[in-house]
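# heads up, no residue letters with this:
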């Protein structure tokens, strides 16, 4: 094995990048979470678990942000998975027209999130926005809303934008999963007289479990990291209706200058993401089929 040790140098660049930009900041954040550092002063005090206890028991904004994040996550995971799977099934065949539509649906993914935010600010604009204008043309004035100004629907309006922007990206994962399913299984299902729904339920979906696991986990991370989109559209408003955990962390650190408190929220944020992702993997693993 000694003759292979020079190969270990190939992992050093990646290991250094990971250590400098992820491992060290994560450990530093954990240490700062036990302090009251304001981000500017060289002096700070050790406060133990005070930041955590305050955040989890006395901070209504953190509770609001966590609740908003769950709403956002469930909407994005459910609808982005359904929409992307539908498009994947429709465009699975490698025809020129399907390749064109794949590229068309994938296009929003390559647009910067801030640009997407500005586009949808205009779409959702109450007076001259294209959505309300379109509803007016259809005679559906009762459906007109201030889509980003109504605290009851603002978080779902932003979640829809997330689905629109990234459904094409997730669609590619499902298409790859569909291409990995043996065609012989579909032939057997057809010979046995299975309907399209039965074929999907008993052949396609079980064998898409590995792809679905990746999609759900990735979409969950996306929904928790949807920082720039929300910052550029509502900045957490109205009345914290669209404040999510990543935005809460940003405001505590760079608006309120409570870096110790923000570090504690970052640690909790990390634990929440890990817990939800592990739960999803455990649930989806039960449906995994080996072939």
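Structure's in. What do you need? It should be emphasised that the depicted structure is a prediction, and the values quoted were computed from it without experimental measurement.

# Listing request: residues of the chain with sub-threshold pLDDT.
Of all residues in the chain, those with pLDDT under 70 make up the ranges 1-4, 284-291.

# Contact partners for the closest residue to residue 37 other than its chain neighbours?
Nearest residue to residue 37, sequence neighbours excluded (Cβ to Cβ, 6 or more residues apart in numbering): residue 44, at 3.7 Å. For every residue, glycine as well, the C-beta is placed using N, CA and C. Shown in contact with residue 44 (Cβ atoms under 8 Å, 6 or more residues apart in numbering): 35-38, 260.

# before we move on, what about residue 118?
Contacts of residue 118 by Cβ under 8 Å, 6+ apart are residue 232.

# Now the element after the helix or strand hosting it, going C-ward?
Using DSSP states H and E, the element containing residue 118 is helix 113-124. Of the helices and strands lying after helix 113-124 in sequence (DSSP H and E), the nearest is helix 130-137.

# and that next one, what does it pack onto?
helix 113-124 (3 or more Cβ pairs under 8 Å, 6 or more residues apart in numbering; DSSP states H and E).

# Could you pick out the longest helix of the chain?
Looking across the chain with DSSP state H, the single longest helix is helix 60-90.

# Wait, a strand at the residue nearest to residue 37?
No - secondary structure assignment (DSSP: H, G, I helix; E, B strand; the rest coil) places residue 44 in coil, not in a strand.

# what's in contact with the helix or strand following the longest helix of the chain?
The helix or strand immediately downstream of helix 60-90 is helix 96-106, counting by DSSP H and E. Contact partners of helix 96-106, identified using Cβ under 8 Å, 6+ apart, comprise 87, 91-92, 167-169, 171-172, 175.

# between helix 96-106 and helix 60-90, how big is the angle?
Put simply, helix 96-106 runs at 170 degrees to helix 60-90, going by axes from the mean of the first three to the mean of the last three Cα atoms, to 10 degrees.
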